[in-house]
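Undergrad: I'd like to go over a predicted model; first the sequence, then the structure.
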Amino acid sequence: MNSAFESPYVPEEVSPWWLKGLAIFMALISIFMLLSVASGVLTPMFVDRLMPEDFEEIEPYPEDGTDEEKAEWTENDEFWDDMLEYMDEMMGLLKFQAFHSGILAIIGLFSVPVLWRGDRDLGIKLVGAWIGVNLLGGMGLMWMLSRSGLLVPEFTTGRDTDEWEASVELMEPFYLLMGWGQIIVCNICFVGILGLVASKSKPPTRLMSAPIADDTAPPQS
């Protein structure tokens, strides 16, 4: 007669602070995103209110000035118009960034209570969606910057010269490389944090030990 028994292996309980810590992290990021939304909305308003649209509001045209003074004023007026055009395009990008940050803030704030109460599956999915939206928005912003030529403004002093063209050829790829590198590195870090929390917060699995035979039992005939 054989006797056997099974002893369950009970692993250590998972600490709830992995999900709560991620909730705190998402809350801090969401606050930062809300500040980005406020900046993207308020900055264009202040720029429109404070920056004059006509250079003559800053410096009147020298009616009685010399030809050199008039030529200098005309050059400054063209510079001002180019700068206003550049600022308008930049304000458009700020509005796009505000919209993008608003979506991230909504997803992030929604994930905070989900993670805090320990809903692991939904919380991880929300954070994963947050990372996806963050990556796509960053790529879209860099594409817009590279397409519009806003990385290196052409209205700065020294334009249309060999020195300026040479500096643009060096600066623009450098800024693009820095921008894309920042997007990739940041999102890799976010994925790493999410992967760590997902691994550490995985529910434990109970394992049953194999049956143990009773060696003292007499053999059956």
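TA: Right, received. Where do you want to start?

Undergrad: what is the burial count for Gln182?
TA: Using other CB atoms under 10 Å, the number of residues around Gln182 comes to 12. (Glycine included, C-beta is placed from N, CA and C.)

Undergrad: packing partners of the host helix or strand of it?
TA: Taking DSSP states H and E as the definition, Gln182 sits inside helix 162-200. Of the remaining helices and strands, those touching helix 162-200 by 3 or more CB pairs under 8 Å, 6 or more residues apart in numbering; DSSP states H and E are helix 17-50, helix 120-148.

Undergrad: figure out how far it is from the centre of its chain.
TA: Between the centre of helix 162-200 and the centre of its host chain there is 11 Å, according to CA atoms, centre = their mean, to the nearest Å.

Undergrad: okay, the angle between that helix and helix 120-148?
TA: 170 degrees (axes from the mean of the first three to the mean of the last three CA atoms, to 10 degrees).

Undergrad: next, the buried residues of helix 162-200.
TA: Along helix 162-200, the positions that meet the burial threshold by neighbour count (16 or more other CB atoms under 10 Å) are Val168, Gly179, Ile183, Asn187, Phe190, Leu194, Val197, Ala198.

Undergrad: one step back: is it possible to get TSV of the helices and strands packed on helix 162-200 that adds distance to Phe99 and mean pLDDT?
TA: Output for the helices and strands packed on helix 162-200, formatted as TSV (distance: least, CB to CB, whole Å; pLDDT from 0 to 100):
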stretch	distance to Phe99	mean pLDDT
helix 17-50	8	93
helix 120-148	9	91
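
Undergrad: list the contacts of the residue positioned nearest the centre of the chain.
TA: Among the residues of the chain, the one closest to the centroid is Asn134, at 4.8 Å (CA atoms, centre = their mean). Counting by CB atoms under 8 Å, 6 or more residues apart in numbering, Asn134 touches Leu104, Cys186, Asn187, Phe190.
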